Each structure stands twice: as C-alpha cells, then as structure tokens.
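In: Provide a 3D model corresponding to the input given below.
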Amino acid sequence: RNHTFVKNIVILDGQSNSGKALLDIILASLDRVEILKYSFVVENLCRLKYLNLVNNDVIESLIKLKLDHKLYELMMSRNLNFRPSDRSSAFKDPFSFTYFKRLFEKGDKTIPRKINDENPILHLMTHNILGISEPLFKAYGGNINIIELVRHPLMMLSKQTENNELWSTNEGRRRQ
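Out: So this is what the prediction gives:
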C-alpha cells in the first residue's frame, strides 16, 4: 500500500506500573490525540522482527495495516472500551463525548475523508518495545514519538514482587 491513514503516532512505553497511565491523562487532553489504545499486536510484531522471524517489508506492511485499521475503527467508535472502571475506557477520556457522538455518525466510506480532515494522532500504550522499535521508525519515520517511562528500579522490583504474589494466590491483578 502506498497510502496510509496514520500520519502521527504517540506511544507511551515502559514496564507495567511505570507511570504510563498518569502521563496518559495529560496526553489524552491534547488536541487531536485519540483515546488510548493498547497495541499488543504491534508489540508482538516488533518482537518477531527482533527475533529475525519475519523480513522488514512484511513487518512494516503489517504494522501499517494494523495501525491503519485501529485508527479507522477509532474514528467511528468501533471496538471501544466502555467499561467505566478501565483505564482505556471512553469514560476516562477527557473528550469522551466525541466517541459517543461518533457512534451515531456515518461510518465506512466517510472515514478516510474524516481522517484526512482531522489529522488525528494515534495514541498507543505498549510494554517494553523501545529497544526493539526499529520497525515502527522504519514504517513511520519522524511521525512517531515514543515516550519511555522509567521508574526507580527498587520501586519496580517492589511492585513486580507484589504483582507476582497476587498472581500466585489466584487473586490476579487487583487495583490499588
């Protein structure tokens, strides 16, 4: 494909419990920044490339295809999270009304023009891909910004230990 919908991307990256959700609140309030979306597919594609299991052309094409699809769906409020308690919920976004309004607007054929007119910024959250993010930079060049959050190692060790203890007692991941 020569044409892609995604022109600008901002990615919050780091380990779990590194403060990404806190910074997300600030990013989400900026003009043109779309609602937070997790992107496990992009994480896994970057890992596949790092392991040399797929060539550059395939990875770049798949990343562009997956992120275009994600933006396309966002622009018509398809596959959005409406669970009020979740961090990625439309209710947590400062512009939540936008996503409710989009539910009732025309979709499909009008979306490419809407993306072109509004020039949205795709807003993703990932886990530990900075060191393996080369395919993203090759696919999008200077139109991608990765913000890497790093927390003090002792605090990360403490939090990860707590999470592991919860998982081992079948309590899973609980909210603090």
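In: which intervals of the protein have sub-threshold pLDDT?
Out: The model of the chain has pLDDT under 70 over residues 1, 170-176.
In: could you redo the last one with a cut-off of 80?
Out: 1-2, 15-19, 21, 87, 151-157, 159-160, 162-176 (pLDDT under 80).
In: neighbours of residue 139, how many?
Out: Residues within reach of residue 139, counting by other CB atoms under 10 Å, total 22. Backbone N, C-alpha and C define where each C-beta goes, glycine included.
In: ok, and what's touching the helix or strand that contains it?
Out: Residue 139 is part of helix 134-140 when elements are defined by DSSP states H and E. Here helix 134-140 makes contact (CB atoms under 8 Å, 6 or more residues apart in numbering) with 6, 9, 11, 42, 45-46, 49, 56, 59-60, 63-64, 129, 144, 146.
In: now do stretch 49-67
Out: In this structure, residues lying in contact with stretch 49-67 by CB under 8 Å, 6+ apart are 1, 4, 6, 9, 39, 41-42, 45-46, 48, 122, 132, 134-136, 138-139.
In: just give me how far it sits from the chain centre.
Out: Relative to the centre of its chain, stretch 49-67 is centred 17 Å away, using CA atoms, centre = their mean, to the nearest Å.
In: keeping just the C-alphas, turn it into CSV.
Out: In CSV, the C-alpha atoms belonging to stretch 49-67 read as follows (Å, rounded to 0.1, in the frame of the first residue of the first chain):
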residue,chain,number,x,y,z
LYS,A,49,11.4,-8.7,13.8
TYR,A,50,13.8,-8.6,16.7
LEU,A,51,14.0,-12.4,16.6
ASN,A,52,14.5,-12.2,12.8
LEU,A,53,11.5,-14.4,12.2
VAL,A,54,10.0,-12.0,9.6
ASN,A,55,11.6,-9.7,7.0
ASN,A,56,11.5,-5.9,7.0
ASP,A,57,8.9,-5.5,4.3
VAL,A,58,6.4,-7.8,5.9
ILE,A,59,6.7,-6.3,9.4
GLU,A,60,6.4,-2.7,8.1
SER,A,61,3.4,-3.6,6.0
LEU,A,62,1.7,-5.5,8.8
ILE,A,63,2.4,-2.6,11.3
LYS,A,64,0.9,0.0,8.9
LEU,A,65,-2.1,-2.2,8.1
LYS,A,66,-2.8,-3.0,11.8
LEU,A,67,-2.4,0.7,12.9
